[in-house]
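> this one's sequence-less:
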């Protein structure tokens, strides 16, 4: 039979490294969450620029594929007739934005606003995911602490063993 001290040492040597690792996981998750939270505006601006640079028809752009260089002028003329102006030309595509119809109407600003809104949504989802990771790490730590406390509370104090030995000797007379 192991003594209460030996049991305590075994339990502590089993749980302490796990609890320390869980605390490190919490700190790592919190650091990532805090870094992203502090840099929110910068990260949103970067993501918005990435969204604007993609050759997709989201947010108000119109993309036309160019399969042959001779088609470029025809595509541009057709899009101008439809009310669009060239925004960017890339390898195999041309990106168009709507023409400005009045001094107050700025289609590029509307596109930038839509990209920023999409970037904020993307960023908020990422922050929520990181907050969930922090909460899961805290929960895992709390579970380990509770298991350690339960294991330690199951150890009888040395006095209880002594009282059993004394009681056993009295009964043998």
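Nice, thanks for sending it over. Here the structure is a predicted model, which means the values were calculated and not measured.

> tell me which element residue 20 falls in.
helix 4-38 (DSSP states H and E).

> Also residue 64?
strand 62-65.

> any idea how far that strand is from the chain center?
Centroid separation for strand 62-65 versus its chain: 33 Å, with Cα atoms, centre = their mean, to the nearest Å.

> Flag every buried residue along it.
Residues 63-64 are the ones in strand 62-65 that count as buried (16 or more other Cβ atoms under 10 Å). (Glycine included, C-beta is placed from N, CA and C.)

> With stretch 22-36 instead?
Buried residues in stretch 22-36, defined by neighbour count with 16+ other Cβ under 10 Å: 22, 25-26, 29-30, 33.

> can you list contacts of it?
43, 123, 126-127, 130-131, 133-134, 137-138, 140-141, 144 (Cβ atoms under 8 Å, 6 or more residues apart in numbering).

> can you do 6 Å?
With contacts defined as Cβ atoms under 6 Å, 6 or more residues apart in numbering, stretch 22-36 is touched by 130, 133-134, 137-138, 140-141, 144.

> re earlier: adjacent strands (with direction) for the strand holding residue 64?
Neighbouring strands of strand 62-65 in its sheet, by DSSP bridges, are strand 93-98 (antiparallel).

> Show me the shaky parts of the protein.
By pLDDT under 70, the low-scoring segments of the chain are 1, 157-173.
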